[in-house]
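K.L.:
give the three-dimensional model of this entry:
(4 chains)
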2 protein chains.
Amino acid sequence: MPSRGRPRNFSREEALKSAMEIFWDKGFDNTSLADLTRVMGLNPPSLYAAFGSKAKLFLEAVDLYGRTDGAGIWEFLDSAPTAKEAVHDLLRRSAENFTQWPEPRGCMVVLSAPQMEGGDAAVCDDLKARRLQKQAALQHRLERGVAEGDLPQGTACDDIAAYVTSIQHGMSIHARDGASRQTLMAIADCCAAGWDAMVDASSRKI
Amino acid sequence: MPSRGRPRNFSREEALKSAMEIFWDKGFDNTSLADLTRVMGLNPPSLYAAFGSKAKLFLEAVDLYGRTDGAGIWEFLDSAPTAKEAVHDLLRRSAENFTQWPEPRGCMVVLSAPQMEGGDAAVCDDLKARRLQKQAALQHRLERGVAEGDLPQGTACDDIAAYVTSIQHGMSIHARDGASRQTLMAIADCCAAGWDAMVDASSRKI
DNA sequence: CCTTTTTTGTATCGATCAATACATAATTGA
DNA sequence: TCAATTATGTATTGATCGATACAAAAAAGG
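P.N.:
Take a look at the predicted model:
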């Protein structure tokens, strides 16, 4: 509540959104302070006063992404009637989400991930935690499916969650490589088409 | 054939291998000239005389990767008796390959990929071409399966190739996030378990 | 020997990086 | 009106980036 002092003449929200978009496009390392101040429309001192540092700004941007553009993907996870439908919907929403701009963007959390060595440790840890958190959420949804009977007892929910997130992560790479929405949808359908047999094999392993 | 002049006192091959390993670990951007000269054991002028630039060195390093550490993954693709076995073997070899070091490395070509905007264009284009080339090779192998009868007529080989590479790319992210070899193997097995049903659905779509 | 050629090590280049110092402008509370 | 507070714009910081200038060193050709 800074009621005193000169008021800032930019919207913190809008500036953060602009930062998110360029971080999403170019990644953490390839986005310079000059890039940020340009798209955010403010000078370095204002940026640092409002967000602390480039890394903190990035973390806020990722959080914004998770609450806005990245949120829709996981919307149906818990409300889907069965685990199978939840997964199929998750992948179809991913396909849609990753290709909803002129330039396909994929998932910010996944694409910012690789090559952690040498990068900002706090940033890498945060991104990794977000990926693992989503995978855990998916695993819990699968376990609910076992409890509710739409998945057989003994299903390896951890392995299947890893399998599904693997597909989803790969879709981000494909989106960046220019894959069409149709292709990404086909990938989602491939997973769905093999689902029953896969689940069956998983539960019969033990 | 530089028969004249002072001979270099380092092995170009060994230096390139060292460069490949640190590029693999840290990526193109996060690997500095100082890093490279340190692990390669030579001074900047020697590096530039031998390799031209950081980008050219990286391209040579990626090529070396494709001919050595990354080659084994695709070894059985053409000699496998059926497309199904070829894919399953590909994914299992990937799982093995991505976790064969103390620190899991994943695939150099995939992990160096993301956030092309802002990076070196030549490097990004080369990596993208390598990914698409492998996907095309996989697609051709599937088409051979159709021709040889172990896949049904009308199978969408392009979609399935995208599906399989999506899984494989995602496995690299998982490897970086600390997934065990066992988990990656389970992912490969998930794909194999659902294979027949998936292929069947694909061929019945048309 | 001496010239030519190539590599070596040192020392550094200009550019760009993330981050700030500083003075000024704009607002509130007294 | 005036002190306190906060944000702004300009200009710049030290560090690091990728890449070189330069001269000494080490080989071959003559």
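
K.L.:
what's the neighbour count on the spatially closest residue to residue A:159 that is not a sequence neighbour?
P.N.:
Nearest non-adjacent residue to residue A:159, counting by CB to CB, 6 or more residues apart in numbering or on different chains: residue B:186, 3.7 Å away. For every residue, glycine as well, the C-beta is placed using N, CA and C. Each residue near residue B:186 was counted by other CB atoms under 10 Å in any protein chain shown, and the total is 20.

K.L.:
quick check: mean pLDDT across the helix or strand residue B:186 falls within?
P.N.:
Following DSSP states H and E, one finds residue B:186 within helix B:181-193. Confidence for helix B:181-193, expressed as mean pLDDT, is 98.

K.L.:
okay, buried residues for that helix please.
P.N.:
B:183-193 (16 or more other CB atoms under 10 Å in any protein chain shown).

K.L.:
only alpha carbons, please: show it as PDB.
P.N.:
C-alpha atoms of helix B:181-193 as PDB (Å, rounded to 0.1, in the frame of the first residue of the first chain):
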ATOM      1  CA  ARG B 181      15.700 -45.900 -16.200                       C
ATOM      2  CA  GLN B 182      13.000 -48.100 -14.900                       C
ATOM      3  CA  THR B 183      10.400 -45.300 -15.300                       C
ATOM      4  CA  LEU B 184      11.600 -44.500 -18.900                       C
ATOM      5  CA  MET B 185      11.400 -48.200 -19.700                       C
ATOM      6  CA  ALA B 186       7.800 -48.300 -18.300                       C
ATOM      7  CA  ILE B 187       7.000 -45.500 -20.700                       C
ATOM      8  CA  ALA B 188       8.300 -47.500 -23.600                       C
ATOM      9  CA  ASP B 189       6.300 -50.500 -22.500                       C
ATOM     10  CA  CYS B 190       3.100 -48.300 -22.200                       C
ATOM     11  CA  CYS B 191       3.500 -47.500 -25.900                       C
ATOM     12  CA  ALA B 192       4.100 -51.100 -26.800                       C
ATOM     13  CA  ALA B 193       1.200 -52.300 -24.800                       C
END
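
K.L.:
now do that helix: everything it contacts.
P.N.:
Outside helix B:181-193, the residues that touch it by CB atoms under 8 Å, 6 or more residues apart in numbering or on different chains are A:156, A:158-160, A:162-163, A:166, A:194, A:197-198, A:200-202, B:84, B:87-88, B:91-92, B:94-96, B:98-99, B:164, B:167, B:170-171, B:174-175.

K.L.:
of those, which belong to helices?
P.N.:
Per DSSP state H, helices hold the following members of these: A:158-160, A:162-163, A:166, A:194, A:197-198, A:200-202, B:84, B:87-88, B:91-92, B:94-96, B:98, B:164, B:167, B:170-171, B:174-175.

K.L.:
the worst-scoring helix or strand of chain A on mean pLDDT and chain B in contact?
P.N.:
The helix or strand of chain A with the poorest confidence is helix A:108-111; it has a mean of 93 (mean pLDDT, DSSP states H and E). Yes: under the criterion of CB under 8 Å from any CB of the partner chain, chain B is reached by helix A:108-111 at A:110-111.

K.L.:
just checking, next helix/strand downstream of that helix?
P.N.:
Sequence order places helix A:121-148 as the next helix or strand after helix A:108-111, per DSSP H and E.

K.L.:
run the angle between that next one and helix A:157-176 for me.
P.N.:
When axes from the mean of the first three to the mean of the last three CA atoms, to 10 degrees is applied, the directions of helix A:121-148 and helix A:157-176 differ by 130 degrees.

K.L.:
thanks a lot, catch you later.
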